[in-house]
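> need a 3D model of the sequence below.
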Amino acid sequence: MRNRSIFVVVAALGMIFTAQAGIIFSDSFSSGEGQADSLWNNEYAFVVENGAYNAVFPNNNPLAVTTIKNLTVTDAVVDVDILGSVDGGIMLHTQGLAGNGNMNGVLLVVKPESIYWHVVRNGGDWTSYNVSTLYAASGTDLHVTIQITGDTYEAKVYRLSDNQLVGQTTLVNSTYSSGGIGLYDYVAAQRFDNVEVSIPEPATMLLLSLGGLLLCRKHRA
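Residues are numbered from 1 along each chain as shown. You can find the predicted model right below:
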């Protein structure tokens, strides 16, 4: 007669920790012109009016852009409110200054019924990439969030009044791997507010712990 019993216990525990992004820049423009001048390069005559920021002379040749002082990022998350949105956008991985007409960078354009990208070279090159529908009328207050990860730029646009997603578009382009952040204004009626830039932690950490117990018992009679 042979009696064999095998008892196997395997215990596995997996834990995922997602590091929170750290805010490295924030401006609500509530402290007026002096504070804005200390934070922004203001290459193209932007002013603070009623707690928001806009260009005195909006333009696209040269680009009416103001960039954040002393800021260079690779991967980042950028959040901006565009009040009374008509035609403008956000510059990413900027290189050079807008005032001399030689700015480089990736530009997200937000305008009535569409959002899309330009890869700006020497202040020009207006090829539009990945045009997507924007379900918001001219003059709508919007919130834009952009996630930059490597060579991928992912933008989502929300209506401020109800936080409804009204547009999104993604660009994969490796022309610029790092640079500054700026605001682009083509129509004076719109204004920018609540600008925030954050940097993700180096990685989302995955901790996997695996343990096992194997008990094998044999009894032969």
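> which of the helices or strands spans the residue nearest the centre of the chain?
The C-alpha lying nearest the average C-alpha coordinate of the chain belongs to Ile146 (CA atoms, centre = their mean; 2.3 Å). When secondary structure is defined by DSSP states H and E, Ile146 falls within strand 140-149.
> for the helix or strand following that strand, which helices and strands make contact with it?
Sequence-wise, the next helix or strand beyond strand 140-149 is strand 152-159, with elements assigned using DSSP H and E. Packing partners of strand 152-159 (3 or more CB pairs under 8 Å, 6 or more residues apart in numbering; DSSP states H and E): strand 104-111, strand 114-120, strand 140-149, strand 164-172. Yep, even glycine has a C-beta here, placed from its N, CA and C like the rest.
> could you give the angle of strand 152-159 to strand 164-172?
Strand 152-159 and strand 164-172 meet at an angle of 170 degrees, taking axes from the mean of the first three to the mean of the last three CA atoms, to 10 degrees as the criterion.
> how far off centre is strand 152-159?
Taking the mean of its C-alpha atoms, strand 152-159 sits 7 Å from the chain's own mean (CA atoms, centre = their mean, to the nearest Å).
> before we move on, back to that, go ahead and confirm the residue nearest to the centre of the chain touches Ala155.
Yes. Here Ile146 reaches Ala155: they are 4.7 Å apart, a contact under CB atoms under 8 Å.
> and stretch 54-64, end to end?
End-to-end distance for stretch 54-64, by CA to CA, to the nearest Å: 10 Å.
> contacts for it, please.
Identification of contacts with stretch 54-64 by CB atoms under 8 Å, 6 or more residues apart in numbering yields 44-47, 66, 88, 91, 98-101, 103, 107, 120, 123-124, 184-188, 190-192.
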